[in-house]
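S.K.: A structural model of the following input is requested.
(4 chains)
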Amino acid sequence: MKNVIGVINLGKPHSMLDELTRNRSIASVPFGGRYRLIDFTLSNMANTGISKVAVFTLNKSRSLMDHLGSGKEWQLDRKIGGLFMLPPAITFPTADYKGDLQNFYGHIDYFNRSKEEYVIVCRSHMVCNVNYSDALQFHIDSEADITMLYNRLDPDTVDLSNCYQLEVDEHHRVRQMSSDADEINTGNVYMESFIINRTLLVEMIEHCIAHEQYDLTESLIMQNIDTFQVNAYQHEGHLSIINSTTSYYNQSMRLLNPDVWRGLFFQPGLVYTKIKDEPPSKYIETADVNNSLIANGCIVQGRVENSILFRGVKVAKGATIRNSILMQECEIGEGAVVENMILDKEVCIKRGQTLLGNASEPVVITKRSTI
Amino acid sequence: MKNVIGVINLGKPHSMLDELTRNRSIASVPFGGRYRLIDFTLSNMANTGISKVAVFTLNKSRSLMDHLGSGKEWQLDRKIGGLFMLPPAITFPTADYKGDLQNFYGHIDYFNRSKEEYVIVCRSHMVCNVNYSDALQFHIDSEADITMLYNRLDPDTVDLSNCYQLEVDEHHRVRQMSSDADEINTGNVYMESFIINRTLLVEMIEHCIAHEQYDLTESLIMQNIDTFQVNAYQHEGHLSIINSTTSYYNQSMRLLNPDVWRGLFFQPGLVYTKIKDEPPSKYIETADVNNSLIANGCIVQGRVENSILFRGVKVAKGATIRNSILMQECEIGEGAVVENMILDKEVCIKRGQTLLGNASEPVVITKRSTI
Amino acid sequence: MQRKEIIAMLLAGGEGRRLGALTQKLAKPAVPFGGKYRIIDFTLSNCSNSGIDTVGVLTQYQPLILNSYLGIGSPWDLDRSNGGVTVLPPYVQSDGGHWYKGTANAIFQNIFYIERYNPQYILVISGDHIYKMDYDKMLQEHKKRGAEATIALIEVPWEETGRFGIMNVDAHDNILDFEEKPKNAKTNLASMGIYIFNWDVLKSYLTRDDENPYSSHDFGKDIIPRMLQEERSLFAYRFKDYWKDVGTIESLWEANMDLLEAFPTLNLHDTEWRIYSVNPNHPPQYIAPQGSAKQSLINEGCMVFGSVDHSVLFYGVQVGDKSTIRDSIIMPNVKIGQNVKIYKTIIGEGTVIGDNCTIGVEGADAPITLIGEDSFIPSNTKVKN
Amino acid sequence: MQRKEIIAMLLAGGEGRRLGALTQKLAKPAVPFGGKYRIIDFTLSNCSNSGIDTVGVLTQYQPLILNSYLGIGSPWDLDRSNGGVTVLPPYVQSDGGHWYKGTANAIFQNIFYIERYNPQYILVISGDHIYKMDYDKMLQEHKKRGAEATIALIEVPWEETGRFGIMNVDAHDNILDFEEKPKNAKTNLASMGIYIFNWDVLKSYLTRDDENPYSSHDFGKDIIPRMLQEERSLFAYRFKDYWKDVGTIESLWEANMDLLEAFPTLNLHDTEWRIYSVNPNHPPQYIAPQGSAKQSLINEGCMVFGSVDHSVLFYGVQVGDKSTIRDSIIMPNVKIGQNVKIYKTIIGEGTVIGDNCTIGVEGADAPITLIGEDSFIPSNTKVKN
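M.R.: Predicted coordinates for the structure are as follows:
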């Protein structure tokens, strides 16, 4: 995949996860017991063999940079190509930021100086496991200008607000797209990933900026559906859309389904993340665990049910965790009860405390709190 | 040197180099044909075998981060220890920044969580080649609380303004220090590098902050000369103090002395920098070069005299460079004349142009200008 | 090339015949241990945690397998441009190939490698022991004592002294003499096979030893006795923590079971001294609604539909519905069907076990059952030792 | 382990006897070239610039020297956890040691290494040629043509065809036949020793070849002729840029002098296709007030007090006062005294030349003088070929 640049576009303000994104970008929200959301997109690129990836950041990117480091886990610690972090070229109050295309335009030289023929642009809140090779081959064979990736979901059961849906004809051509389910409700959900020829991308960015249009999806793609050949490529695997705290919670809980677990974490490739070198998890005599995902480094002495424990969580004797997500290094004291909660990293629940959330509206406890 | 943390303190505002530090910190000012100032301090640490280094930054650290990357060149791309970039913990307008100790205090956890017994604190504008092992052994053997490194310079010939001078007794104990040459003019110049026990450093930082004192040198060291055992260790090698554009120019020109060249670049260790993989420099038939330092990747067709050419500089036929410093990738057109100038990176002088500076007050041409 | 104060030479040559089916395809140091690790991870992690960044791994057999496991050394922070980890098998030389004739000869044949780093000290260790030790502390003692060689010692039960090299020391821990596997030991201080030498001294002994046709070219049998005989200053460094030679099936099983104590002597959860290993990038383990896990260590990528009790599961193990695992060690990627009972068994990597099988014998004093790598046990089979 | 589309096997086995004193201590691919590089840097850089991140380096001799030069592969961006550069010497096996019997046998003995990456294609290259080539373009052609093997060809002067393997091709560049060093060549299309094979096809040929007691186990002599004979689809890939086999002192000298042209065919200053090398971390070169340099390539760390004309100086070379260097190649860390004249000479690494010496013979047609590594030429000496 010498011929492709991967781009992860985090340049669109996206604060739908409230508390979870207070001090981090959505790309670095922990997910699935040991990952950050960006790991999925970045691993997809690594598994496709892409060795040059640009991450367009916006703000709150400190934790993201700590997480990515030199990109070693994704084989991006390279002299030739490698990982590029591209923040907006100017420091600005958020009010001046007009849209993600502004950030692309600010780094237009990055595209101009590259030799690769194709660019794959993704975001990080659409969690899936995909090898882009087939989609790229489809893009080349169909001689498309733009190829959009989509997934079929059931609009009656999945919350598709904030999603774009597509109307695709029998030649795989996109006829229409809209984020308004009253206009289009086909269940063909645009995964906010597309493939485009590099030179065309540069032209289109420059054209948009010249016309003071700044939104990548709307200005660059949606407006051009009739002008350019915009095709759609269907991804068949699992897709989790994270666009609210509730969907974060629900999509996390879906991982407790063994089919989803296998489908998201193993097929077609493995998901890489920052290695923590934690030992295997340890279950003491009094442990009573079921229907749960447990990452390494945990020590479980109490009861854990329908829950997700990130790396290094400690659950003391007599404690009960139910329907909850406990991020890295949470500690739950003896006899404490935690139900329907999301505990951000390093939360400490003292012995005997009881925290009962609401199943339909999970409560998030702020990072490093002690209760 | 498992037992030592290296600290490079860039947390003191330092804008004495005007144009050269307009968009970069002093630590990333290019020096010596292929280095940045910080390379010397960092290489000293690497050659001493220190594998854990913290860089306390202040602002304009973008180019510094690009330069250091994961710290690979200094063998600091490590899981255990390695390179830590520590900017001030809060974003602030410069007015709120009270001094470098504030930054140390903001990262006091870094010191608390470490296990190493000793800390070596340096800055980046004192250019020298030193192995800290002997100084550390001296610190341990003399049971000092603080060991300050100093160099003997002749106050009559070297500009020691902005420098602290020391009064040292026969037991190597510091009796007095001052930045006012009218008070002390011994020629014992404090190299703004000192060794201290980690736990003592933490105590002293906390004590200073509790008393609203924020300047590392003055509050932590100078005030405590009588209270603590503060010793001095003499470094015998070359020292260049870069504290103005003039001293930058003069100290650069001193490198044209073969003894200084050997002493600074080879003894006791090599100086590492970011590798650019430039080919050897090429001299065309018409080249006429003398008394100059030429880095790799240059192509010289013209005349170069008493000058320093950084990597990738091109000098066309009939051009003359005299008494000048040309940073990375400058291009000098046919027949152009450049005399007594400092050209920042990627400056382009068109054919036939003449730039004559003043030997005593060198003029700096802004990065990427075309003249 | 920058001079190194100390480099390590790790003897990983053991064929490990006593580990039977587990070492058919693997060198002994590559045998899985503790749910996540391979035996060699402990010594490699000790090196990097001790600040030693140059490790030569001496192997007699299968260099490509060790090469492939160690890679460029990244997991252990040993991916260094100057130093790092290097596998050193016996090469074909212009005068033909030479096996390593003994532990000392293995070092002797690699003098060229060592001299590249021009070290002052050399640490010689074995790749088949489980322990956590700060070699830097040992080095500081070595330097402080001005020793020419320092040997790490541990007290072993008197009844086991006949299995070890036993040292006799004076009140200042100077080594007086050394007996290999004595019948009537004078002390219970056993050599852990961990030596620090001044390189110039060791080099001269290795060179002389190489010229001695009667030598077996072994540290314990030849080099150390000769140094004692010539009254070199040999110093004992006492170690008091967990240390285990896992050279037999029994000791391997015991060392794994030791980890299942609520507060084991060998604490893997100590963040100050992590044990590093190659990471398989598997997701968190899944314990199903009907599954359970007690007194066990379970690694990422496992799916547990049955019950796991007092056992160690490596990554990617699947345990089917209504199956029970007890007092056992299940190595990576083993698939266990439904309604299977497994007692006091070690199952090698990649083995597949059908439904309704019973493997091993229940009970604390039962013998250990061993199933080799990549075996296939059809449904309804009973296997025991 | 992730599958690799293509991996490279680099034949670095040449003893390079024809390079005389320069290869006494070095394998031929490690001979210095172009003021900064070693010959093998070109093929390694071609690999990484072509997006190939897995390179097995096959060496018959001195694996530790190559190991030490290549390290973990960082300079060439080949320090990869999965893949990267691996030196593959012949190991001592359980049935003793086996030399590589030929180029094909060297690959055959390393099937285990190759299969770890499960590649679709395999690129076979030599470590002793100087050229810049995008192997990915060749691979794309190979795939597009649906070839089973693709061989890179270059037009050579007709009078030199007797030194090469010459191909006969049809109008579509299908290879019709192949002659090793023919007396009366039908074409002037020479094989560059660069092959891409479908791995499954090559593997079957290597296996059959190994069983053939009459084979010399060579790609050019055995594998390719057999594939042609069996009408496999072999495709020629034409290359038109600079390519030079630097196997003799003359060609090594010429290739260095080629770089001194104002616009050389092999452009080292091309930032799109850099040649990577180990960096010695030397400071910028110093040209003294009385020094001069013309029509020359000079590397970092040099100090020039004399005059350098139409020559190549590697790093760390010192040229004394009033000395003249002309038409010469001075390898790393050579120290040249005062008032020395050097003409058309290659001086090996680390040599020291006293004052007032005259080395070599002046004039375009003069023979090349060669001074070996680490030599010492006392003052007032005259040396010529």
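S.K.: can you list the buried residues in stretch C:241-254?
M.R.: Of all the residues in stretch C:241-254, those buried under the rule 16 or more other C-beta atoms under 10 Å in any protein chain shown are C:242, C:243, C:244, C:245, C:246, C:247, C:249, C:252, C:253. Backbone N, C-alpha and C define where each C-beta goes, glycine included.
S.K.: which SSE is residue A:101 in?
M.R.: Using DSSP states H and E, residue A:101 sits within helix A:100-106.
S.K.: hey, where'd the helices end up in chain A?
M.R.: A:37-48, A:62-68, A:100-106, A:108-113, A:133-141, A:198-210, A:245-254, A:258-265 (DSSP state H).
S.K.: residue C:137 is nearest to which of those helices?
M.R.: Within the helices of chain A, the stretch nearest residue C:137 is helix A:62-68; the backing value is 31.3 Å (C-beta to C-beta).
S.K.: which elements pack onto the closest one?
M.R.: Under the contact definition 3 or more C-beta pairs under 8 Å, 6 or more residues apart in numbering or on different chains; DSSP states H and E, helix A:62-68 sits against helix A:37-48, strand A:82-86.
S.K.: okay, those in JSON lines with mean neighbour count next?
M.R.: Output for the helices and strands packed on helix A:62-68, formatted as JSON lines (neighbours: other C-beta atoms under 10 Å in any protein chain shown):
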{"stretch": "helix A:37-48", "mean neighbour count": "25"}
{"stretch": "strand A:82-86", "mean neighbour count": "18"}
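S.K.: same list (the ones you listed) but as CSV, adding distance to residue B:137.
M.R.: Converted to CSV, these look like this (distance: least, C-beta to C-beta, whole Å):
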stretch, distance to residue B:137
helix A:37-48, 46
strand A:82-86, 40
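S.K.: next step: the buried residues of stretch C:241-254 restricted to strands.
M.R.: If you go by DSSP state E, the buried residues of stretch C:241-254 have C:243, C:244, C:245 in strands.
S.K.: the last one contacts residue C:128, correct?
M.R.: Spelled out, it's residue C:245. Yes - using C-beta atoms under 8 Å, residue C:245 is in contact with residue C:128, at 6.9 Å.
S.K.: hmm, residue A:58 and residue A:13 touching each other?
M.R.: Yes - here residue A:13 reaches residue A:58: they are 6.5 Å apart, a contact under C-beta under 8 Å.
S.K.: which of the two has more neighbours?
M.R.: residue A:58 (20 against 14; other C-beta atoms under 10 Å in any protein chain shown).
S.K.: what sits closest to the more buried one if chain neighbours are left out?
M.R.: residue A:11 (5.1 Å; C-beta to C-beta, 6 or more residues apart in numbering or on different chains).
S.K.: picking up where we left off before, what's the overlap in contacts for residue A:13 and residue A:58?
M.R.: The contact sets of residue A:13 and residue A:58 overlap at residue A:97 (C-beta atoms under 8 Å, 6 or more residues apart in numbering or on different chains).
S.K.: just to revisit the earlier point, out of the helices of chain A, deepest packed?
M.R.: helix A:37-48 (a mean of 25; mean count of other C-beta atoms under 10 Å in any protein chain shown).
S.K.: quick check: angle from it to helix A:133-141?
M.R.: When axes from the mean of the first three to the mean of the last three C-alpha atoms, to 10 degrees is applied, the directions of helix A:37-48 and helix A:133-141 differ by 70 degrees.
S.K.: are helix A:37-48 and chain C in contact anywhere?
M.R.: No - applying C-beta under 8 Å from any C-beta of the partner chain, one finds helix A:37-48 out of contact with chain C, separated by at least 8.5 Å.
S.K.: if you skip the residues just before and after it, what's nearest to residue C:268?
M.R.: residue A:279 (3.6 Å).
S.K.: ok, the one you found touching residue C:35?
M.R.: Yes - in this structure, residue A:279 is within contact of residue C:35 by C-beta under 8 Å, at 7.4 Å.
S.K.: who has more neighbours out of those two?
M.R.: Set side by side, residue A:279 and residue C:35 show more neighbours around residue C:35, with 30 against 24, by other C-beta under 10 Å.
S.K.: gap between the residue nearest to the more buried one when sequence neighbours are not counted and chain B?
M.R.: Leaving aside its sequence neighbours, residue C:35 sits nearest to residue A:280 (C-beta to C-beta, 6+ apart; 3.6 Å). Per C-beta to the nearest C-beta, to the nearest Å, residue A:280 is found 19 Å from chain B.
S.K.: how many other residues sit next to residue A:280?
M.R.: When neighbours are defined as other C-beta under 10 Å, residue A:280 has 26 of them.
S.K.: ok, now which ones touch it?
M.R.: Residue A:280 is in contact with A:296, C:34, C:35, C:36, C:268, C:297, C:298, C:299, C:300, C:312, C:313, counting by C-beta under 8 Å, 6+ apart.
S.K.: quick check, the second one in contact with residue C:312.
M.R.: What that stands for is residue C:34. Yes - shown here, residue C:34 and residue C:312 form a contact pair, counting by C-beta under 8 Å, at 6.8 Å.
S.K.: was I right about residue C:302 contacting residue C:312?
M.R.: No - applying C-beta under 8 Å as the test, residue C:302 and residue C:312 come out as separate, 10.9 Å apart.
S.K.: contacting residues around residue 208?
M.R.: Using chain A. Contacts for residue A:208 (C-beta under 8 Å, 6+ apart) come out as A:101, A:214, A:219, A:220.
S.K.: that answer is for a different chain, and I need it for chain C
M.R.: By C-beta under 8 Å, 6+ apart, residue C:208 lies in contact with residue C:226.
S.K.: residue C:275 too?
M.R.: The contact partners of residue C:275, by C-beta under 8 Å, 6+ apart, come to A:277, A:279, C:34, C:37, C:41, C:42, C:45, C:132, C:268.
S.K.: can you tell me how far the residue of the stretch 1-150 of chain A at minimum distance from chain C is from residue A:278?
M.R.: Distances between the stretch 1-150 of chain A and chain C by C-beta to the nearest C-beta are smallest at residue A:33, namely 3.5 Å. From residue A:33 across to residue A:278, the span is 11 Å (C-beta to C-beta, to the nearest Å).
S.K.: quick one: which of those two has more around it?
M.R.: residue A:33 (28 against 22).
S.K.: quick check: phi and psi on the closest residue to the more buried one other than its chain neighbours?
M.R.: Leaving out its chain neighbours, the residue that sits closest to residue A:33 by C-beta to C-beta, 6+ apart is residue C:284, at 3.5 Å. Here is the backbone geometry of residue C:284 (degrees, to the nearest 10): phi -60, psi 150.
S.K.: next: the one 10 residues further on.
M.R.: When read as degrees, to the nearest 10, the backbone of residue C:294 gives phi -140, psi 150.
S.K.: bridging residues for it?
M.R.: Listed by DSSP bridges, the beta-bridge partners for residue C:294 are residue C:309.
S.K.: state the number of residues packed around it.
M.R.: Number of residues near residue C:294 (other C-beta under 10 Å) recorded here: 19.
S.K.: spit out the contact partners of it.
M.R.: A:283, A:284, A:285, A:286, A:287, C:307, C:308, C:309, C:310.
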